[in-house]
Structure formats: structure tokens, C-alpha cells
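K.L.:
Following is a predicted model, sequence given first.
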Amino acid sequence: MAAWLLHRLTGLFLVLYLVLHIMGLRSLADPASFEIYVTTYRNPLFKVAEVLLLATVAFHAFNGTRIMLQDIFFRSALQKPLFYAVIVLTVVVTLAGGFPILAPYIAELLP
Amino acid sequence: MKNVLTQDRDARPSRTRAFGWLAQRLTGLGLVLFLALHFWVQHMPAGFLDTAEEYLESTSELAATEPGFAEAIAEGKIKPALQGEHVISSRKVQERLANPLWMFVDVMLLLFAVMHGMNGLNNVLEDYVQRPMHRKIVLVSCWAAVLLLSVQGVVSILAVGNWF
């Protein structure tokens, strides 16, 4: 139930993000508007949101892979351990990918 | 009370729905690979982003030739990169998309993402929308969104290579 609900909620969020992302990239036609667009998203709050986006994509990707694996080799006993593996992988990927994104902003805050 | 599901054509086995099931898995598998690459290219220091020094250089170059660009820098709408920050710049995007293979990869990512997203949205909405007419409206809207977003995305990608 938790896996089903999270897959659905992350999926809905990602469709919304996809629409905003594609519409935002209309600025690619003009270098000045593209650079202004990128600067907006370099605000520290957006950087944190970017790491949360990575977490959302990572969860949806790992859980989707789990669903595909279970379609092929279904073992109901493996359902829970595989879901826990999805959570662990999501956390690992988010930390590994999020750190380089946030590091320059964290360094800025330090004295 | 009549059972809505047994009346509904959609509840019966159909090839179209089996195709949607398979397509969701194939595009999903493709997206895992494309998005790993997309994240690497757009967020990691792998040579596709400007370093703080390169960003200063590429923005000053554009500011020298375009008055609007210089104005945006003066107004703080375009900010210099922090030390150690890697920034996506229009110059680096142009350099990468000059390679037709990268352009192909980006178009495939776009089409896979749009199809997977809208097919998924349609699947979710089908769980809550029951009247056949309403389901048809949802399906047509999702396909319309696929068409609009695909065209808009391809236009943006081609615009980088000055195809427009």
C-alpha cells in the first residue's frame, strides 16, 4: 500500500514537473532568457528542491524497477525486502547526487 | 445498483490496454537509463557545465555583443557562479547539441518522458473517473498533452542549433 501510494504520488508530481520543465525550456531559443531562467533556479531554495526532485525520480525509478522484476519473477515473500531495498537505494542515490549540488551553497554559509 | 465496471468496455481484456501496459514498462526502462545520463550531464561536473571561471567568461562574452544580456547582468537577473559551483550555460548546451547524437538522445528522452508521464496520468485517472464519456475525455486530453509537449520540446531542442 505504501509503495503503491508513493509510486502514484511521485508519478503525479513528476508529470507536473515535466510540464513545467518543458515549458521553461522555451527560453533555450534566446541565450539571455535562458541564463535568466537558470539564475532563478540557482536560488538556494530551488537547489534544495532540486535534491528533493532527485529523491522523487530515484524512488519512482527504483520502485518501478521493483514492479517490473516482480512482474517477471514474482515471489510474494520478497515484496517487503525489495521495497526496503528501494528505500535504501533512493537514500544512497539522493545523498551521493545531492551532495555535489549543495556543496558550494553549504560552503557559502560556513565562515 | 448497477456495477459500473462490468458495464465498462475498458474492464474487458483488450489489446490496446495490454499495449499500454507494455509501453509503460519499455518507456520506464528507457527512462531509467536516459535520466541517469541526463542527471550526469546536467548536474555533475562532467565537462558539460561551466565552472565559475568559465561561466564568468561565457557571460561576459555574450554581454559584450548583446546589450540586453549586459543589462540583465547589471540588474542581477544573471548572477555569477559560486566558487566550486557548476552551472548550465547556453554556450555549453549549444556545444553539446551541435552533436547530432546528443540531439537524438535528448529528443528520445523527451518523447519517452512525455509518453510515460501521460500514460501514467491516464492510468491514475482511470481509477477515479468511471463514466465512459469522462474516461474518453481524459484519454483524449492526455494524448493532446503528449502531442503539444512533444512538439514544444522538439522545437526548443532544434532552436538551440539555430534550426529556427
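P.N.:
Great, that's in hand. Being a predicted model, the structure only gives us computed values, none of them experimental.
K.L.:
interface residues of chain A facing chain B?
P.N.:
Chain A comes close to chain B at residues A:8, A:11-12, A:14-15, A:18-19, A:22-23, A:25-26, A:28-29, A:31-32, A:34-36, A:38-39, A:42, A:50, A:54, A:57, A:61, A:64-65, A:68, A:71, A:97, A:100-101, A:103-105, A:107-108, as judged by C-beta under 8 Å from any C-beta of the partner chain. All C-beta spots, glycine's among them, are computed from the backbone N, C-alpha and C.
K.L.:
Any of the residues you listed buried? List them.
P.N.:
Listed as buried from the residues of chain A next to chain B are A:11, A:14-15, A:18-19, A:22, A:25-26, A:28-29, A:31-32, A:34-36, A:38-39, A:42, A:50, A:54, A:57, A:61, A:64-65, A:68, A:97, A:101, A:104-105; burial here means 16 or more other C-beta atoms under 10 Å in any protein chain shown.
K.L.:
which regions of chain B lie under the pLDDT threshold?
P.N.:
Within chain B, the stretches with pLDDT under 70 are B:1-12, B:162-164.
K.L.:
mind listing the helices for chain A?
P.N.:
Secondary structure of chain A, counting by DSSP state H: helices at A:2-24, A:31-40, A:44-72, A:79-109.
K.L.:
Please identify which of those is closest to B:Glu95.
P.N.:
Closest of the helices of chain A to B:Glu95 is helix A:31-40, at 12.6 Å (criterion: C-beta to C-beta).
K.L.:
Spatially central residue in chain B, please.
P.N.:
B:Leu110 (4.4 Å; C-alpha atoms, centre = their mean).
K.L.:
Please name the residues that touch that residue.
P.N.:
A:Ile22, B:Leu149, B:Ser150, B:Gly153, B:Val154, B:Ile157 (C-beta atoms under 8 Å, 6 or more residues apart in numbering or on different chains).
K.L.:
Mind picking the two most distant members of those?
P.N.:
So, these by C-beta to C-beta: farthest apart are B:Leu149 and B:Ile157, at 12.4 Å.
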